[in-house]
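K.L.:
here is a sequence together with a model predicted from it:
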Amino acid sequence: MAELSLKNVVKRFGSYEIIRNASLDVADGEFVVFVGPSGCGKSTLLRMIAGLEHITDGEIHIGDTLVNDVEPADRGIAMVFQSYALYPHMTVEQNLAFGLRMTGNPKADTDRRVQRVADILQIKELMQRRPKQLSGGQRQRVAIGRAIVREPRVFLFDEPLSNLDAELRVQMRVEISRLHKELGTTMIYVTHDQTEAMTLADKIVVLRGGNIEQIGAPLDLYDNPANQFVAGFVGSPKMNFMSAEVTATDSDNVTLTLLNQGNVRLSLPLKNPPPAIGDAVTLGVRPEHFAKAGEGVADLTIAVDVAEHLGNTSYIYANVAGGEQLIIEREESRNEIKTDTLTVAIKSSHALLFDKTGNRLR
C-alpha cells in the first residue's frame, strides 16, 4: 500500500493544455474517484499516474518515490481498463499467472497468488475456461484478478464497469467495494457514473476542462458544492437551477424574484456579503428539497410534463418558461399524479445561491 501525491501536474499536447496544475493527496488505503464530463482530463490524469502518459510539468510521488521518470512496470501500480484486455487463447488461470511468469516470479509463489485471487473473487470454478466462455461480469472479475495478483501498492481503474449492463454494474460495484475493504489498498477510479462515484469513493475529485474544481467526501460535495458546476454535476437526478433577480438585501438575508416561475418571491438567509439589488443570480434546489404546498418559503405552480413512478418515489419533470426544466422528487408514487399542474414549495434550508459567474453565494 502507498500514499499518492500530485503536485502542480500539467499535461500539454502541443499548445493545448489538458491538465492544469493538478494537485492532490491520496492517503494510504484511500478510495478516490475522478469524475467529470467527457474530455475533462480524468483518464489522462489516471494514465499519468500509471506512467502511460508523460507529464509536462509537476511531480507525481507514490509513497516516498518521485515517479516522473519511472517506467510503468516499476511504479508498483496495476491498472484495470474499460476493455477487459484478456488473452483469448489462455484460460483464466493462465491469464492470471501470465504477468508474474513473464517477470520470472517463482512458480510456487505465482500459484499461491493465483489461488488467493481465485478465493477472493470467487472464480475457482472458472479457472479452466477461456474468455469467450465467460459473461461480461466474469471477464471483469478476471481483469480485476489480474491486477490483484501483482500485489500492487496502488490500483487504477479506468471506467471498468461501463461495458456491463445495469444489473451487473450494481453487482460489480458491490464487489469492488468489498474488495477494497478486504485488501485495504489505495485505489484510484475513473467514472462518469454518479452512482459509482457516490457509493464507492472515500473522496471524489471533480474535474472540468483540465482543472480540479473540488475535492471532498461524496456527501460533502453533494451538500456543499463549491460552485454551480459541481452542484449541477454531482447528484442524480441533477440539481434544479432557476434564474432569479435580487430585489432586496440586508446583512443577513437576500430577497429574490424567480424570473421564469411567475415572479415568485422568496427570502434566504445569507452568510456571504449580499449581492447588489438588481443582480442576476441562480437559485439551486435539489429534487428532494421541494415540499408540499405551504410547507416552504415559496410556492410554485408548475405544469407537469412527465411523471416517472419508481415504486416508493416519483420524479416529476416540468418544463417552464425560459427553457428551464424542474425535476421534483415526490414520495407519492402509489397515488399516481394525474393532474396537469402541481403546486410545490421550496425548502429554504437546502437552497443554494450562485452569482452570474457560477460562484456560490450561499
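P.N.:
Thanks, I have the structure now.
K.L.:
got the contact list for the residue nearest to the spatial centre of the chain?
P.N.:
For the chain, the residue nearest the mean C-alpha position is residue 197 (3.5 Å; CA atoms, centre = their mean). Counting by CB atoms under 8 Å, 6 or more residues apart in numbering, residue 197 makes contact with 33, 35, 191, 204, 218, 234. Yep, even glycine has a C-beta here, placed from its N, CA and C like the rest.
K.L.:
so which of these are in helices?
P.N.:
residue 218 (DSSP state H).
K.L.:
just the buried residues of the contacts of residue 197.
P.N.:
Among the contacts of residue 197, those classed as buried by 16 or more other CB atoms under 10 Å are 33, 35, 191, 204, 218, 234.
K.L.:
ok, and the closest non-adjacent residue to residue 59?
P.N.:
residue 7 (4.4 Å; CB to CB, 6 or more residues apart in numbering).
K.L.:
neighbours around that neighbour, how many?
P.N.:
15 (other CB atoms under 10 Å).
K.L.:
tell me the SS of it?
P.N.:
Assigned by DSSP: H, G, I helix; E, B strand; the rest coil, the conformation of residue 7 is strand.
K.L.:
I figured it hits residue 58, correct?
P.N.:
Yes - with contact taken as CB atoms under 8 Å, residue 7 and residue 58 are classed as touching, separated by 5.6 Å.
K.L.:
report the buried residues of stretch 16-30.
P.N.:
Going by 16+ other CB under 10 Å, stretch 16-30 has these buried residues: 17, 18, 19, 20, 22, 24, 26, 29, 30.
K.L.:
ugh, wrong one, I meant stretch 190-206
P.N.:
In stretch 190-206, counting by 16+ other CB under 10 Å, buried: 190-194, 196-198, 200-201, 203-206.
K.L.:
likewise stretch 285-302?
P.N.:
For stretch 285-302, by 16+ other CB under 10 Å, it's 285, 286, 287, 288, 289, 290, 296, 297, 298, 299, 300, 302.
K.L.:
distance check, the first one against residue 344.
P.N.:
It stands for residue 285. According to CB to CB, to the nearest Å, residue 285 and residue 344 sit 10 Å apart.
K.L.:
what pairs with the one helix or strand in the chain whose mean pLDDT sits lowest, parallel or antiparallel?
P.N.:
Using mean pLDDT, DSSP states H and E, the weakest-scoring helix or strand in the chain turns out to be strand 264-269, at a mean of 80. Its sheet considered, strand 264-269 pairs with strand 253-258 (antiparallel) by DSSP bridges.
K.L.:
can you list contacts of the strand it pairs with?
P.N.:
So strand 253-258 is contacted by 242-249, 263-270, 274-275, 281, 283, 298, 300, 353, 361-362 (CB under 8 Å, 6+ apart).
K.L.:
where along the stretch 1-150 of the chain do the helices fall?
P.N.:
Along the stretch 1-150 of the chain, the segments classed as helices by DSSP state H, counting those that start in this stretch run 42-50, 92-102, 107-121, 136-148.
K.L.:
other SSEs contacting the shortest one?
P.N.:
Put plainly, it is helix 42-50. Helix 42-50 is packed against strand 4-13, strand 16-26, strand 31-35, strand 57-62, strand 77-80, strand 154-158, strand 186-190, strand 203-208, with contacts defined by 3 or more CB pairs under 8 Å, 6 or more residues apart in numbering; DSSP states H and E.
K.L.:
and those as a markdown table, adding distance to residue 225?
P.N.:
A markdown table is the format used below for the helices and strands packed on helix 42-50 (distance: least, CB to CB, whole Å):
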| stretch | distance to residue 225 |
| --- | --- |
| strand 4-13 | 22 |
| strand 16-26 | 18 |
| strand 31-35 | 13 |
| strand 57-62 | 26 |
| strand 77-80 | 29 |
| strand 154-158 | 24 |
| strand 186-190 | 20 |
| strand 203-208 | 9 |
